[in-house]
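**Student:** quick one, fold the following:
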Amino acid sequence: MNRYSKRREDLLGSLEGNVAVLLFSGKAPLRSEDEAYEYSVNRNFYYLTGLDKEDMALLIYRINGLVRQRLFILPYDETLARWVGGRMSKEEATEISGIEDVAERGDLDGTVASILNRGRGLGDLSFYLDFWHYTMDQEWADSIGYAKKLNNNYPYLELKDIFPQLTKMRLVKDEDEINEIRKAIHITDLGIRQMMRTSKPGLNEMTMEGVFNFVLAQSLCRNNAFKTIAASGERATILHYSDNDQYMKDGELFLCDLGATHGYYCADISRTFPVNGKFSDRQKQIYQLVLNAQKIVEENAKPGVKVRDLNQMVIDYYKEELPKIDLNEDVSEYYFHGVSHHLGLDTHDVDGGLGSVLEAGNVITNEPGLYISDEGIGIRIEDDLLITEDGCEVLSKQIIKQIDEIESYMNKG
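**Tutor:** Numbering: from 1, shown residues only. From the prediction side, this is the model:
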């Protein structure tokens, strides 16, 4: 049984009674005329199948103890193959996903109708879809459209959201997932090191972003985890700065927040270093406070602890230390984001909501920062942590961050 088969088995095992679960891989929306945006697979579909092709559907169900799994894919198209390459074959889909029953995409409605007709007399059939919706006005996902079709044709059917069950599963990473994250972090490390070696006054932030992307391409990494933040000087005090188009000046700090992916699993790393390779005394003073705050999180991240408690530890530390370096406003003036979020198939991965506690197998970020706009200093240091049985492992510990290490590395001949 491959990893995807095991996940589907576990998912069904978490559901009671007679159930059907339908997930879609998604489609790339059109951008302009015949040009589409880059396709990105629905992560829950990928988590259960390992497949990343457009317009696929997964249907798994259990009725009166009988369990079935069927995959629906687009048929092979000879003309399309000559223009853009062939679609995935049924044999390939089976080999990756472990699903033997593979049908054409057009057979989905008939299969669903058959299941619903057979299950109608049971009276307790629950039909699950992924109803994830981030904003009220975002474009409808396939699942929302299909739910409307089901409501119109089967008004008695009870529709439920499968997202909570998949969230619980995805929160705890298995060894395969952790290894994918390690690989993404390794590539990210290579990119950051090259940025440090390239940095000098007069370069544009966009050039620094390009250096990172070139290393990703050299490492055969097709996708960034998210849009790179490449911010120098005062721009680094803007949390999600993304213009990346200003020239870096001598004496400024450069903040990068970025990540590679591997097998769709994300790295999320931030490093801050001097444009010219040498920290000023004031920059060192503030940088060391952020580094100390990060160490506090690292020492306290373990099962049973809440992420919001880790953030409060950082705030409490800053309350005590910031006045000592003449930063006398409320902490929120200098630090205004959370210290952590879950990491996985998404950069801001699924989580258990407010008040949830950490457990072994979680992967989270550790990213305190300080942002002093009137001094033109923005510093964030971010690593990725694996929660273990009795603490945490810093998955990104190889990425240099100590002041002397950074200066030494950037000034090597």
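**Student:** got the domain ranges for this structure?
**Tutor:** 3-169, 172-410 (automatic domain parsing).
**Student:** ok, which stretches of the stretch 201-350 of the chain are strands?
**Tutor:** In the stretch 201-350 of the chain, the strands defined using DSSP state E, counting those that start in this stretch lie at 229-232, 253-258, 261-262, 265-266, 269-274.
**Student:** and those strands: which comes nearest residue 345?
**Tutor:** Smallest distance to residue 345 across these (Cβ to Cβ): 6.1 Å, for strand 265-266. Bear in mind the C-beta positions are built from the backbone N, C-alpha and C, glycine included.
**Student:** doesn't residue 160 lie inside a strand?
**Tutor:** Yes - according to DSSP: H, G, I helix; E, B strand; the rest coil, residue 160 belongs to a strand.
**Student:** give me the distance between it and residue 363.
**Tutor:** From residue 160 across to residue 363, the span is 28 Å (Cβ to Cβ, to the nearest Å).
**Student:** in JSON lines, list the strands of the stretch 201-350 of the chain along with mean pLDDT, distance to residue 138 and mean neighbour count.
**Tutor:** Listed next are these as JSON lines, based on pLDDT from 0 to 100; distance: least, Cβ to Cβ, whole Å; neighbours: other Cβ atoms under 10 Å:
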{"stretch": "strand 229-232", "mean pLDDT": "98", "distance to residue 138": "23", "mean neighbour count": "26"}
{"stretch": "strand 253-258", "mean pLDDT": "98", "distance to residue 138": "24", "mean neighbour count": "25"}
{"stretch": "strand 261-262", "mean pLDDT": "98", "distance to residue 138": "23", "mean neighbour count": "23"}
{"stretch": "strand 265-266", "mean pLDDT": "98", "distance to residue 138": "21", "mean neighbour count": "26"}
{"stretch": "strand 269-274", "mean pLDDT": "98", "distance to residue 138": "28", "mean neighbour count": "25"}
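**Student:** and these: which comes nearest residue 33?
**Tutor:** Among these, strand 261-262 sits nearest to residue 33 (Cβ to Cβ), with 28.9 Å.
**Student:** helix, strand or coil for residue 112?
**Tutor:** Applying three-state DSSP: residue 112 is helix.
**Student:** tell me the contacts of it?
**Tutor:** Contact partners of residue 112, counting by Cβ atoms under 8 Å, 6 or more residues apart in numbering, are 20, 22, 59, 150.
**Student:** who's more crowded, residue 160 and residue 363?
**Tutor:** Under the neighbour definition other Cβ atoms under 10 Å, residue 160 and residue 363 were set side by side, and residue 363 has more, 24 against 15.
**Student:** lowest-confidence stretch among the domains of the chain?
**Tutor:** Lowest mean pLDDT within those: domain 3-169, a mean of 90.
**Student:** now do that one: distance from first to last residue.
**Tutor:** Domain 3-169 stretches 13 Å from its first residue to its last (Cα to Cα, to the nearest Å).
**Student:** number the chain from 894, please
**Tutor:** All right, first residue 894 from here; so that's domain 896-1062.
**Student:** just the buried residues of stretch 1184-1201, please?
**Tutor:** Under the neighbour-count criterion of 16 or more other Cβ atoms under 10 Å, stretch 1184-1201 has 1184, 1186-1187, 1189-1191, 1194-1196, 1198, 1200 buried.
**Student:** and if you look at stretch 1217-1227?
**Tutor:** Those would be 1220, 1224, 1227, for stretch 1217-1227 by 16+ other Cβ under 10 Å.
**Student:** turn those residues into TSV, including distance to residue 966.
**Tutor:** Below are those laid out as TSV (distance: Cβ to Cβ, whole Å):
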residue	distance to residue 966
1220	58
1224	53
1227	52
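**Student:** for the residues you listed, which one is nearest residue 894?
**Tutor:** The closest of the buried residues of stretch 1217-1227, once distances to residue 894 are taken by Cβ to Cβ, is residue 1224, at 50.2 Å.
**Student:** OK, contacts around the closest one?
**Tutor:** By Cβ under 8 Å, 6+ apart, the residues touching residue 1224 are 1208, 1211-1212, 1215.
**Student:** out of those residues, which end up buried?
**Tutor:** Of the contacts of residue 1224, these count as buried by 16+ other Cβ under 10 Å: 1211, 1215.
**Student:** and the contacts of residue 1224 as TSV, adding distance to residue 1105?
**Tutor:** Converted to TSV, these look like this (distance: Cβ to Cβ, whole Å):
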residue	distance to residue 1105
1208	31
1211	29
1212	35
1215	31
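**Student:** what about residue 932, which SS state?
**Tutor:** Residue 932 ends up coil, using three-state DSSP.
**Student:** contacting residues for it?
**Tutor:** Residue 932 touches 919-921, 947, counting by Cβ under 8 Å, 6+ apart.
**Student:** quick one: neighbours of residue 965, just the number.
**Tutor:** For residue 965, the neighbour count with other Cβ under 10 Å is 23.
**Student:** partner residues bridging it?
**Tutor:** residue 950, residue 996 (DSSP bridges).
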